[in-house]
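1. below is the structure, and that's it, no one-letter string:
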């Protein structure tokens, strides 16, 4: 039963395990959309809305697709989540000049969950799985180099045993760079109509973000620093403050630290990355409180 609850609404379960439960907890569905994209940003406490400069901008802030320096970019990720659940993702971005397009796909899976009837038995009657799937199309437009806007449309599908639900959502984002090295961003994510599962209607986990990122103008030990800060307000949770810092040595290896407040089970995060030519391999370590264990993320970024 624990596996089933975790798989069906994992972020909600994490919130409910804490002492203080938000009054709107449990009022949204498709909460897998809240899970961040890319191991780099997981290590930075999910403060990616103003910092993202790769294909995961489709998730963090579609306006940031314009920050990708190459014509083509791609990222794949495997995320070993809590209690044997997993998230697999693919992001693609293409374009140049003022216009850029992005494609994204995400699969959340629970693995096999024992199925039993009303009477307890030593062996299960069978097994079932929980799947959440989303596919997205993103577009970014930058009228000038310092300003860009973007939008993402997602098609959503969820299946729990014999029940299924369909829906769609929109993300809208803005990115502004008033001075060199500083980026300010705003995002409204997961906005859309309610979904129906059986006879019940559930809201999407809409989230609103204000964020900033800064590339420090000085170097140390042949490396450079980036810092990111984000204030995130989900409609079914408390305000979160997310901050992260990374150090890139000779643009070949990175070390990252992050800290998140307002989240019921996450706070500290860390990670690393290595880069060779157009390939970057990132890893993130995200411990959870309340006995939920540790999440490990690995992602591969390609730009050409």
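-> Received the coordinates, thanks. Just so we're clear, the structure is a prediction, and the values are computed from it rather than from any experiment.
2. every contact and neighbour count from this point should use C-alpha atoms.
-> Fine.
3. what about residue 221, distance to residue 281?
-> When Cα to Cα, to the nearest Å is applied, the distance between residue 221 and residue 281 equals 22 Å.
4. between the two, which is the more surrounded one?
-> It is residue 281, of residue 221 and residue 281, that has more neighbours when counted by other Cα atoms under 10 Å, with 20 against 8.
5. any idea how far residue 77 is from the more buried one?
-> As it turns out, when the distance is counted by Cα to Cα, residue 281 lies 10 Å from residue 77.
6. next one: residue 100
-> For residue 100, the distance to residue 77 (Cα to Cα) stands at 22 Å.
7. and if you look at residue 157?
-> The span separating residue 157 from residue 77 equals 20 Å under the rule Cα to Cα.
8. over to residue 104?
-> The spacing between residue 104 and residue 77, counted by Cα to Cα, is 12 Å.
9. wait, residue 207 sits on residue 238?
-> No - contact criterion Cα atoms under 8 Å: residue 207 and residue 238 do not qualify, at 10.8 Å.
10. for residue 212, which three-state class applies?
-> Here residue 212 is recorded as strand under DSSP: H, G, I helix; E, B strand; the rest coil.
11. out of residue 157 and residue 77, which sits in the busier spot?
-> Under the criterion of other Cα under 10 Å, the comparison of residue 157 against residue 77 puts residue 77 first, with 22 against 18.
12. can you pull out the helices in the chain?
-> When assigned using DSSP state H, the helices of the chain occupy the ranges 2-8, 10-16, 39-43, 57-60.
13. coming back round to it: who touches both of residue 104 and residue 77?
-> Here residue 104 and residue 77 share the contacting residues 89, 90, scored by Cα atoms under 8 Å, 6 or more residues apart in numbering.
14. so for the residue minimising distance to the centre of the chain, what's the pLDDT?
-> What sits nearest the mean C-alpha location of the chain, by Cα atoms, centre = their mean, is residue 36, with 1.5 Å. According to the per-residue confidence, residue 36 scores 89 in pLDDT.
15. quick check: phi and psi at the closest residue to it other than its chain neighbours.
-> Nearest non-adjacent residue to residue 36, counting by Cα to Cα, 6 or more residues apart in numbering: residue 46, 6.0 Å away. Residue 46 has phi and psi values of phi 60, psi 30 when expressed as degrees, to the nearest 10.
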